[in-house]
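Participant: model this:
(one chain, ligands or ions: 2)
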Amino acid sequence: MRAPERMQQDMTPTGNDNATADNVTGSGSSAAGLAATLMPVGMEVNGMTVALSLDPRTTLLDAMREHLRLNGTKKGCDHGQCGACTVIVNGQRINSCLTLAVMHDGDAVTTIEGLGTVDDLHPMQAAFVKHDGYQCGYCTPGQICSAVSVLKEIAAGVPSHATADLTATPTVTRDEISERMSGNLCRCGAYSNIAEAMVEVAGAEA
Ligand code: FES
Ligand code: FES
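Facilitator: Numbers count the residues shown, from 1 in each chain. Ligands and ions are numbered 1, 2, ... in the order given. Next comes the predicted model:
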């Protein structure tokens, strides 16, 4: 939720790749060898075109946090268990810790910073504030990215394990929200208020 001008500044590649190589090898000449293995990755991040040169082992999560300084996306477990790293890629939510940045060359990525700004919150961000959908806030960026995508999935008719009738269009119910948000863990236990925020944004009775 940063001002656009700050985000623009953050889009500039940091040039930290050689520094990373130095840390690994402790030697300038070996670092030069490692630098030769870097791969170009172009993405549209929060509506802005970015060009990075990355170690192919870099996760999308680390590309966002360490290379683009978009620290809204959080690293919780770093192995697909908590959902704190959820971002939206080409319209679908994914765990950014489980995918390599080089796999997303040409993709459009939306992080929490791209959903809204402090002065112009996304409706889901505003609803989380209104309904106290967080306490410490660590899981919140992932929860909000997931929540935005969940409502789109339901509107698009994508069924979940909680959908009783696979021939009917799913609706926004507490069961659907619980099932679809089950990959986003909250140690503070704000689940009930998160669901209330989602219900309000959906304009549904649940
Ligand atoms: S940090 Fe990616 S799922 Fe936990
Ligand atoms: S608000 Fe603290 S972990 Fe969810």
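Participant: do you know how far Ser192 is from ligand 1?
Facilitator: Separation of Ser192 from ligand 1 (C-beta to the nearest ligand atom, to the nearest Å): 22 Å. Where C-beta positions appear, they are placed from N, C-alpha and C, glycine not excepted.
Participant: same question, Asp165
Facilitator: Taken as C-beta to the nearest ligand atom, the spacing of Asp165 relative to ligand 1 amounts to 31 Å.
Participant: what do you get for Cys188?
Facilitator: As defined by C-beta to the nearest ligand atom, Cys188 lies at a distance of 16 Å from ligand 1.
Participant: need the contact list for the residue nearest to that residue when sequence neighbours are not counted.
Facilitator: Closest residue to Cys188 apart from its sequence neighbours, by C-beta to C-beta, 6 or more residues apart in numbering: Gln135 at 3.6 Å. Residues in contact with Gln135 (C-beta atoms under 8 Å, 6 or more residues apart in numbering) are 188-190.
Participant: and Gln135, helix, strand or coil?
Facilitator: Taken by DSSP: H, G, I helix; E, B strand; the rest coil, the conformation at Gln135 corresponds to coil.
Participant: for Val118, same thing?
Facilitator: For Val118, the secondary-structure state derived from three-state DSSP is coil.
Participant: again, but for the one 10 residues further on
Facilitator: Remark: Phe128 carries the secondary structure label helix [criterion: three-state DSSP].
Participant: still on that earlier bit, per-residue confidence for the residue nearest to Cys188?
Facilitator: Reading off the confidence values, Gln135 has pLDDT 96.
Participant: so where's the protein uncertain?
Facilitator: 1-36, 204-206 (pLDDT under 70).
Participant: Please, where are all the helices along it?
Facilitator: Along the chain, the stretches classed as helices by DSSP state H are 4-10, 17-25, 28-35, 60-62, 112-115, 123-130, 140-155, 174-180, 191-202.
Participant: ok, Thr86 to Asp165 distance?
Facilitator: The spacing between Thr86 and Asp165, counted by C-beta to C-beta, to the nearest Å, is 28 Å.
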